[in-house]
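> Take this sequence and fold it.
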Amino acid sequence: MAMIRHIQFGLSTVLLAVLAACGGGDDDPVVTKVPVTSLRVMGDSLADVGTYGFKFTIQGNDIYAERVAQSYGLGKGCNFFAFTGTTFAANPTAGCTNYAIGNSVINPASNGYAAADPRGLAVQLATATAAANFAAGDLLLVDGGANDASALVGAYLAAATDGGASYLALLGTVLTPAQVSAAAGGGAAGLATAGGLYMAALADKFAAMLQTGALDKGAQRIALLNVPGITSTPRFQRVLDDIALASGGGTAGATVRAQSEDLFRSWVVAFNTQLATKFSGNGKVAIVDVYTAINSEVANPAQYNLSNVTTPACPSTGTGTDGLPTYSFPTCTDVSLAAAPPAGVTGTDWYKTYAFSDGFHPSPLGHQLLAADITKALAAAGWL
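The predicted structure follows:
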């Protein structure tokens, strides 16, 4: 445990798819492809269309789930859950099939949620099949894991102030006692390695959840998004900058910053690799590689008509207890942004080519690009 106390990071938290009809001889059976007649969405803030009364992007714009629904000629959909201020209740509007809620996770323990909290993806799946199993015309659109990864990073960095208690406790909610013990006794290297083991095991947990909660409940088509490249977001880049400063700045700080970024990326890759392995060859699940897509957008913005991939379009409204900027989505609208371009910028459409709305969520153009990646995967699977 002594090694844990010597982690020199001065941060405490980080918010952070085939039905295939084979052509051939006359003896082949005729397979009739059932069209998609309903979109069922489970996930977190990326897919939440209004549980809290707003979307996690610039208000008045469609997010990826709405865009995908419209590609099938369906309505945009509506949020099944509604936040009352203290809890989540069923939306009185009938026919809502978007169960996604901002701040949702695969592992409820990572955020201290009760087992019945609908911010747990297992609860969202169970709610969707409470009345009946999934139908042949249902397309499931699922994302999850980004908030889990952020919670893991936050607990890891908190070791500087809590001696690793939070990190080891979180590891213990998914890993075996032996694995946690090995991490605690393995020094800095053991702790770093355990993060990858945790994320791979979390992918196993997610795959099992989708098997029992969706595939075993009749789901025929699941578009499954992997975890995005969260380290490419402005929020994580700010965290990494703070790590550099806390490590002395200069060359030494830059080295620790690069090592930290590589480590956190490796944890996300461990999850995505394991998730892809679990569903390899499964014709009912199409993995959408948003990890690679978002990293590519940030690295090559001009190719995607992006003018800014580092600064959020929405203005910061303050600073959180973690020292990171806070934002207000309800007040971040097309009108407010058009009326207040940042210094040195002219025109009312300046924000429309930004990649991020706040430090962690896509802009409307970001959602448009994400929807394009999803529809491409759906078409490749023969579902669109």
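> got a list of contacts for stretch 69-86?
With CB atoms under 8 Å, 6 or more residues apart in numbering as the test, stretch 69-86 has contacts from 36-39, 41, 48-53, 62, 65-66, 88-93, 95-101, 118, 127-128, 139, 371, 375, 378, 384. The C-beta positions use only the backbone N, C-alpha and C, and glycine is treated the same way.
> Just the buried ones from the residues you listed, in ChimeraX syntax?
Selection of the buried residues among those in ChimeraX, burial being defined by 16 or more other CB atoms under 10 Å:
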select :36,38,39,41,48,49,50,51,52,62,65,66,88,91,96,97,98,99,100,101,118,128,139,371,375,378,384
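> Which members of the contacts of stretch 69-86 occur in helices, if any?
Using DSSP state H, the subset of those located in helices is 65-66, 127-128, 371, 375, 378.
> If we only consider those residues, which is nearest to residue 164?
Taking CB to CB as the measure, residue 127 is the one of the ones in helices among the contacts of stretch 69-86 closest to residue 164, at 35.9 Å.
> now the closest residue to that closest one other than its chain neighbours: how far from residue 166?
Beyond its immediate neighbours in the sequence, the residue positioned closest to residue 127 (CB to CB, 6 or more residues apart in numbering) is residue 99, lying 5.9 Å away. With distances taken as CB to CB, to the nearest Å, residue 99 is found 29 Å from residue 166.
> In the stretch 51-200 of the chain, what residue spans correspond to helices?
For the stretch 51-200 of the chain, the helices defined by DSSP state H, counting those that start in this stretch cover 64-71, 121-128, 146-157, 159-162, 165-171, 177-185, 187-213.
> Helices along the stretch 201-350 of the chain, start to end?
Counting by DSSP H, counting those that start in this stretch, the helices of the stretch 201-350 of the chain are 234-246, 250-278, 290-299, 334-339.
> Give me the buried positions along the third one.
So the one you mean is helix 290-299. Buried residues in helix 290-299 (16+ other CB under 10 Å): 290-291, 293-298.
> With the longest one instead?
For helix 250-278, a neighbour-count test (16+ other CB under 10 Å) marks 253, 256-257, 260-261, 263-265, 267-276, 278 as buried.
> What average pLDDT does it get?
Regarding helix 250-278, the rounded mean pLDDT is 98.
> what helices or strands is it leaning on?
In this structure, helix 250-278 makes packing contacts with helix 146-157, helix 187-213, helix 234-246, helix 290-299, judged by 3 or more CB pairs under 8 Å, 6 or more residues apart in numbering; DSSP states H and E.
> Out of those, which is the most enclosed?
Between these, the one whose residues have the most neighbours on average, counting mean count of other CB atoms under 10 Å, is helix 146-157 (a mean of 26).
> CA atoms only for that helix - export them in CSV, please.
Output of helix 146-157 as CSV, limited to C-alpha atoms (Å, rounded to 0.1, in the frame of the first residue of the first chain):
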residue,chain,number,x,y,z
ALA,A,146,-17.6,5.4,-20.8
ASN,A,147,-18.7,6.5,-17.4
ASP,A,148,-17.3,3.2,-15.9
ALA,A,149,-14.0,4.0,-17.5
SER,A,150,-14.1,7.6,-16.1
ALA,A,151,-14.9,6.3,-12.6
LEU,A,152,-12.0,3.9,-12.8
VAL,A,153,-9.6,6.7,-13.8
GLY,A,154,-10.9,8.9,-11.1
ALA,A,155,-10.4,6.2,-8.4
TYR,A,156,-6.9,5.6,-9.7
LEU,A,157,-5.9,9.2,-9.5
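> what angle do it and helix 290-299 make?
Taking axes from the mean of the first three to the mean of the last three CA atoms, to 10 degrees, one finds helix 146-157 and helix 290-299 inclined to each other by 70 degrees.
> relative orientation of helix 146-157 and helix 187-213 in degrees?
Using the same axes, to 10 degrees, the direction of helix 146-157 lies 160 degrees away from that of helix 187-213.
> And helix 146-157, how far out from the chain middle?
12 Å (CA atoms, centre = their mean, to the nearest Å).
> Pull up the gap between residue 129 and residue 42, please.
In this view, residue 129 and residue 42 are 11 Å apart by CB to CB.
> Would you point out which residue is most central in the protein?
Most central in the chain under CA atoms, centre = their mean is residue 146, positioned 3.7 Å from the mean C-alpha point.
> Run through the chain and note the low-pLDDT ranges.
Flagging of the chain using pLDDT under 70 yields the residue ranges 1-32.
> please redo it, this time with the cut-off set to 50
Within the chain, the stretches with pLDDT under 50 are 1-31.
> Relative to residue 312, which of the helices and strands packed on helix 250-278 is closest?
Taking CB to CB as the criterion, residue 312 comes closest to helix 234-246 out of the helices and strands packed on helix 250-278, the separation being 5.6 Å.
> The closest one packs against which elements?
Taking 3+ CB pairs under 8 Å, 6+ apart as the contact definition, the neighbouring helices and strands of helix 234-246 are helix 146-157, helix 250-278.
> Of all the ones you listed, which one is nearest residue 348?
When those are compared (using CB to CB), the closest one is helix 146-157, at 31.5 Å.
> Kindly tell me how buried residue 284 is, as a neighbour count.
Other residues within reach of residue 284 by the criterion other CB atoms under 10 Å amount to 17.
> measure the residue nearest to it when sequence neighbours are not counted to residue 73 for me?
Using CB to CB, 6+ apart and skipping residues adjacent in sequence, the residue nearest residue 284 is residue 220, 5.7 Å away. The spacing between residue 220 and residue 73, counted by CB to CB, is 19 Å.
> ok, these two, which is more surrounded?
Neighbours per residue (other CB under 10 Å) separate residue 220 from residue 73, with residue 220 holding more: 21 against 9.
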